[in-house]
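1. give the three-dimensional model of this entry:
(2 chains)
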Amino acid sequence: MLRLEGLKKRYKTGDYALKGVDLEIPNGQVIALIGPSGAGKSTLIRCVNRLVEPTEGKVYLGEMELTTLSSSKLRKARRRMGMIFQEYALVERLTVMENVLSGRLGYVGFWQSFLRKFPKKDIQEAYRLLDRVGLMHMADKRADELSGGQRQRVGICRALIQDPDLLLVDEPTASLDPKTSRQIMRLINELCAERGLAAIINIHDVLLAQMYSQRVVGLKLGEIVYDGKPEGLKPAVLTDIYGEEDWEATIEEVDEDELEEAVE
Amino acid sequence: MPLIETPDGPVWKRRATKETLIRWFFWLIALAVIAYAWKGISDKTIWFFVQDAPRQAADIGGRMIPPKFSYMSRLWVPVWDTLNIATLGTVIALFIAVPVAFAAAHNTTPHPIVRTIAIFIIVSSRSVNSLIWALMLVFIFGPGVLAGTIAIGLRSVGFCAKLLYEGIEEIDHTQVEAIEATGASRAQQMVFGIVPQVLPTFAGIGVFRWDINIRESTILGLVGAGGIGLELSGSINTLAWTQVSMILLVILSTVIVSEWVSAKVRGAII
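-> Model (predicted):
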């Protein structure tokens, strides 16, 4: 459903952030993209919705090729791809409701959005989503009054109200505590399952990647070095992705966590 | 090489010896320039008048006391004019400054050529003092409040647009990126991503400039552009020192009030 073919990105400095990535993600699959800082994870998902322009290669969303789209067609294509950010990227001085409704900007005209006259259907959907993530009572609060976890939930609502087919998720838990991180990852997972969404989740935390994805892709210096089941992340593989380190502890912990999850 | 190896272990100094010497050399040159300039000024001063200065100041000060409070009845209208010049001038300036600032900021400008034009508008507005604007505008519009208002407006455009475009360039870009990722158009990105971020800056700049303009508009009357400055120059020319002191008192209290108002407003928006 999303297919990357020979995707390359060279920055002005001349370094290649991506050196020809081929990746195919079927409908409804949640993949975790892991790799060290600077491996090109953020660049990769930004090349999909062209917040960063890829230098070479093709990106197919369904049948549509994205890298050659005109700006108005790109806007339409972006509506099908919801994005969730590391530092939430909410507009701090707008209310929670306005932030959620901003996910509909691709669907409404300028004056409608300027006067905040969103269609009734959108507003109902916004309330439904806020209720789903447990933030109904926060709708009229300003975004900067919320805690980290709450902000990320609003970020999730903003992405979902676009009614996307695909979620691009950039380090959703990097600024959150361990418990909130898990709650957010679980929420993203549940919502993807409910709506049959595919998702690419960039994540630093190998444990979380293993717990909440069906497939793990390891990126190193702009190249895919691992693509397989979460259980396949053996010490040798992690060494391959991140470099030499004692990985045993990391992997053991996973088993315990999975047990806990099962008991719950 | 600030780190020096000695037999007693490494020693760290802030600067290497050579760099220290160069620095001292430049300080010496700066001192020499100041001394030379001082001598130039001293040669062209008539020191006889300067020796006389304290006596003259005391004399004028004495004539100013007590201020002529009854004169106040003729000052209400000029004070009101002064306030209007400052306020209307600021409003005009803000209306022009907003589009100029968006055209001048790196992240919102539609085209580099447009940016150059916007920067040129800012620089030319800022390089001309409002008194000079007023001098020219009095010829164009005739003496009065209108010339003063436009002078204040033109002078403030550059100031407001410069601070505002710097504010626009300093916004958090990821918030705009997030709006862009939803498929929003450029105009929508501006309204949802940028405007909310610069609104406090905008309000702060407006109040700050208003505060400055109150002071500037008190002087515009000197060249006939309306306001309390007209009364001031009239009183000085007729050596009516008790009226001058009264006007100075009025200006002082106006400025104090404007200071208080702008502090309140700024406190409310941050």
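
2. A:Gly155 belongs to a helix?
-> Yes: under DSSP: H, G, I helix; E, B strand; the rest coil, A:Gly155 falls within a helix.

3. residue contacts, it?
-> Residues near A:Gly155 by C-beta atoms under 8 Å, 6 or more residues apart in numbering or on different chains: A:84-85, A:88-90, A:172, B:178. Backbone N, C-alpha and C define where each C-beta goes, glycine included.

4. who wins on neighbours among these?
-> Highest neighbour count within these, by other C-beta atoms under 10 Å in any protein chain shown: B:Ala178, with 29 neighbours.

5. secondary structure class of the nearest residue to that residue once chain neighbours are set aside, three-state.
-> The shortest distance from B:Ala178 to any non-neighbouring residue, by C-beta to C-beta, 6 or more residues apart in numbering or on different chains, is to A:Ala89 (3.8 Å). When classified by three-state DSSP, A:Ala89 comes out as coil.

6. and if you look at A:Leu167?
-> Once three-state DSSP is applied, A:Leu167 turns out strand.

7. roughly how far does it sit from chain B?
-> Using C-beta to the nearest C-beta, to the nearest Å, A:Leu167 is found at 11 Å from chain B.

8. any idea of the pLDDT on that residue?
-> As predicted, A:Leu167 sits at a pLDDT of 93.

9. what's across from it in the sheet?
-> Listed beta-bridge partners, A:Leu167: A:Gly82, A:Ala199 (assigned using DSSP bridges).

10. just give the number of residues close to the residue in the stretch 101-250 of chain A positioned nearest to chain B.
-> Here the residue of the stretch 101-250 of chain A nearest chain B is A:Gly106; by C-beta to the nearest C-beta that distance is 2.6 Å. For A:Gly106, the tally of surrounding residues (other C-beta under 10 Å) stands at 19.

11. which residues touch the closest residue to it other than its chain neighbours?
-> Excluding the flanking residues, the one nearest A:Gly106 by C-beta to C-beta, 6+ apart is B:Gly183, at 2.6 Å. Taking C-beta under 8 Å, 6+ apart as the criterion, B:Gly183 is in contact with A:75-79, A:105-107, A:162.

12. what about residue 97, which helix or strand?
-> Going with chain A. According to DSSP states H and E, A:Met97 maps onto helix A:96-101.

13. think we crossed wires, I meant chain B
-> helix B:76-104.

14. which other helices and strands contact the helix or strand just after that helix?
-> Downstream of helix B:76-104, the first helix or strand assigned by DSSP H and E is helix B:112-127. Here helix B:112-127 is seen to pack against helix B:76-104, helix B:145-169 when contacts are counted using 3 or more C-beta pairs under 8 Å, 6 or more residues apart in numbering or on different chains; DSSP states H and E.

15. secondary structure class for the residue nearest to A:Gly106?
-> Here B:Gly183 takes the coil state, with states given by three-state DSSP.

16. ditto for A:Glu24
-> Recorded secondary structure, A:Glu24: strand (three-state DSSP).
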